[in-house]
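Enquirer: have a look; sequence and predicted model below, questions after that.
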Number of protein chains: 2
Amino acid sequence: MPAPLIHVGPEPEDHLVSAVEDGGGRVVALDEAEGVIWAGGPDFPEFPSGVRWVQLPAAGVESWMDAVQAQPRIQFTSCAGAYATQVAEHALALLLAGVRGIVGYARTKTWDPGGDHVLEGSTVAIVGAGGIGRELIKMLEPHDVEVIAVTRSGRDGTLPVERLGEVWGTADHFVIAAPATDGTRHLVGADELAQMKPHSWIVNIARGALIDADALVEALREERIGGAALDVTEPEPLPDDHPLWNEPRALITPHVANPPETMSRDLAKRVTENVRRFGAGEDLLAPIERDRGY
Amino acid sequence: MPAPLIHVGPEPEDHLVSAVEDGGGRVVALDEAEGVIWAGGPDFPEFPSGVRWVQLPAAGVESWMDAVQAQPRIQFTSCAGAYATQVAEHALALLLAGVRGIVGYARTKTWDPGGDHVLEGSTVAIVGAGGIGRELIKMLEPHDVEVIAVTRSGRDGTLPVERLGEVWGTADHFVIAAPATDGTRHLVGADELAQMKPHSWIVNIARGALIDADALVEALREERIGGAALDVTEPEPLPDDHPLWNEPRALITPHVANPPETMSRDLAKRVTENVRRFGAGEDLLAPIERDRGY
């Protein structure tokens, strides 16, 4: 089998060049390429006719979708799942920080025990249980919690998205891990928040647009839920005058679930594996399906 | 087999009376008792000669030891291990809050991503791996971390306490879970802190006395370690003017690893089990050994 001819753009970053070579690829100029590793933003060029495959660097590709739709001849792949362990780890950190009262204690300068909750014995809903959700389920296994995983397909013991309405009044806590599409915008709004319990924490490590921030601020102010721990917001960066910064029941982390250090390592791993598969004619990981939008 | 005769003191709390009965015991006055469930402090009376066993309510019994030594005829048991899942959950929450930057982000009101670390891939030392440590090891299993567990015995793949000195420069993070005895006082002092890495977090869910707080404050001020997340301090409550309250790399939670709600539930479970064992003549859970001090 000849080595697949792969271009690395917009810049020939060393660790991606090595990753391509580790996967058996040969790094070439764009006009010779069969495949492209694109580590830039959505402003990519129209690719030459020899290019059959483009690997994008992000797990959530909603901002790339217009550009992807414009080149229907090409198979695009995302990094969905590539960063899943880091993001799931951060989701668990946020969930525990909320439920165990750490969000409040971190802001206190006096010894004042509260009426604290524990995660053990609770029900955790994972809304959008793809790669991240599956990792989080593994991490929750030793914790004696019940997990309700909601997926598009409803396969493998998960709840199909058509039955999503059942979870808001059932689970104790919620982890939002679904892709951002037209269909998932403001998935959590006033109606969903109204069904949650006074101790419920909601964690968002997906995209800010999945939660109606105005409705969330209202629920937090009125102390109708336990709190919200958000790694993603709408917009990002969250402006300094946004009310979430001053809400005692809110924790904001600035989109750091997938930190730069592990991100480049995990992108390189995904590139190596997809180049290997491309060369061998196997199915690629995380193909983008234009009709579903991710 | 006749029902064992058990006294519940200092007050006949309903949930403990039920717990004794669930274990097959009959609740009696102190002067008829063979066993005592003592849910009070260390100021207990000299027990009548019929009493052969006293169950104490705490997992860490250092403040009871003088009173225990004074009645050498009686077998005392602690609640070591009874609260282990809750405490291990809190230890993991503190560890993740530290390593993932949540301690800092909770105190910030602006979007400012830092150079964040992840737990994945790191080495975690659990110093004093009894019941809590074993639960924490289970909780860390899905996390792709290396665990070094240090125990008195060195059994079951753990490191014996004689080799404790090796861990301070080896592990990335440290969870202190050892009992408080004369031998463990200031187990973590200036020398141990000096060997840790600049990103190391130290978690204490055992007893405040195990860490030299002055040495810790100095290490934090000089940014020589990542930080410290402490559920226990010396003294408790930690006074408002203590420097740890103003240290950006410190997180204090006010001895809430085992919250009141689950504590009474888990104490009741332990009482039921030990009453059953006492009635059946089996070995009791968590016997206190006077010579080791816990």
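Expert: In hand now; what should we look at?
Enquirer: now the strands for chain A?
Expert: For chain A, the strands defined by DSSP state E cover A:5-9, A:26-27, A:35-38, A:53-55, A:75-77, A:123-127, A:146-151, A:159-160, A:173-176, A:201-204, A:227-230, A:250-252.
Enquirer: which among these is found nearest to chain B?
Expert: Of all the strands of chain A, it is strand A:250-252 that lies closest to chain B, at 5.6 Å by CB to the nearest CB. To be clear about C-beta, it is placed using only N, CA and C from the backbone, and glycine gets the same treatment.
Enquirer: what does that closest one contact?
Expert: Strand A:250-252 has contacts (CB atoms under 8 Å, 6 or more residues apart in numbering or on different chains) with A:94, A:97-98, A:103, A:220, A:227-231, A:233, A:238, A:244-245, B:102, B:105-106, B:111.
Enquirer: for that strand, buried residues please.
Expert: Within strand A:250-252, the residues scored as buried using 16 or more other CB atoms under 10 Å in any protein chain shown are A:Ala250, A:Leu251, A:Ile252.
Enquirer: one more: stretch A:196-209?
Expert: In stretch A:196-209, counting by 16+ other CB under 10 Å, buried: A:Met196, A:Lys197, A:Ser200, A:Trp201, A:Ile202, A:Val203, A:Asn204, A:Ile205, A:Ala206, A:Arg207, A:Gly208, A:Ala209.
Enquirer: distance between that stretch and the chain's centre?
Expert: 14 Å (CA atoms, centre = their mean, to the nearest Å).
Enquirer: again, but for stretch A:189-206
Expert: 18 Å.
Enquirer: how near is A:Gly208 to A:Thr233?
Expert: Note on A:Gly208: its distance to A:Thr233, by CB to CB, to the nearest Å, is 4 Å.
Enquirer: sorry, that was for A:Val8
Expert: Distance from A:Val8 to A:Thr233, by CB to CB: 32 Å.
Enquirer: looking at those two, which is more packed in?
Expert: A:Val8 (26 against 22; other CB atoms under 10 Å in any protein chain shown).
Enquirer: OK, contacts around the residue lying closest to A:Ile148 once chain neighbours are set aside?
Expert: Once flanking residues are discounted, A:Ile148 sits nearest to A:Ala125: 4.5 Å by CB to CB, 6 or more residues apart in numbering or on different chains. A:Ala125 makes contact with A:Val147, A:Ile148, A:Ala149, A:Val150, A:Val167, A:Thr170, A:Ala171, A:His173, A:Phe174, A:Val175, according to CB under 8 Å, 6+ apart.
Enquirer: what about A:Ala125, distance to B:Gln195?
Expert: 43 Å.
Enquirer: what of A:Ile211?
Expert: 44 Å.
Enquirer: one more: A:Arg270?
Expert: Taken as CB to CB, the span from A:Arg270 to B:Gln195 is 37 Å.
Enquirer: quick one: which of these two has more around it?
Expert: Neighbour totals were compared for A:Arg270 and B:Gln195, and A:Arg270 leads with 24 against 14 (other CB under 10 Å).
Enquirer: test my guess that that one contacts A:Leu285.
Expert: Yes. Assessed by CB atoms under 8 Å, A:Arg270 is found in contact with A:Leu285 at 6.7 Å.
Enquirer: anything in contact with each of those two?
Expert: Residues touching both A:Arg270 and A:Leu285 (CB under 8 Å, 6+ apart) are A:Ala82.
Enquirer: which ones, among the buried residues of stretch A:196-209, also lie beside chain B?
Expert: Among the buried residues of stretch A:196-209, no residue is within reach of chain B (CB under 8 Å from any CB of the partner chain).
Enquirer: how about the residues you listed in TSV, adding pLDDT?
Expert: Listed next are the buried residues of stretch A:196-209 as TSV, based on pLDDT from 0 to 100:
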residue	pLDDT
A:Met196	98
A:Lys197	98
A:Ser200	98
A:Trp201	98
A:Ile202	98
A:Val203	98
A:Asn204	98
A:Ile205	97
A:Ala206	96
A:Arg207	96
A:Gly208	97
A:Ala209	97
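Enquirer: which one of these is nearest to B:Gly50?
Expert: Closest to B:Gly50 out of these is A:Lys197 (48.5 Å), distances taken as CB to CB.
Enquirer: get me the contact residues on the stretch 51-200 of chain A for chain B.
Expert: Going by CB under 8 Å from any CB, the residues of the stretch 51-200 of chain A near chain B are A:85-86, A:89-90, A:92-94, A:96-97, A:99-103, A:105-107, A:109-120, A:138-139, A:141-144.
Enquirer: among the residues you listed, which ones are buried?
Expert: A:85-86, A:89-90, A:92-94, A:96-97, A:99-103, A:105-106, A:111, A:116-119, A:139, A:142-143.
Enquirer: among those, name the ones in helices.
Expert: A:85-86, A:89-90, A:92-94, A:96-97, A:99, A:102-103, A:105, A:139 (DSSP state H).
Enquirer: kind regards, and thank you for your time.
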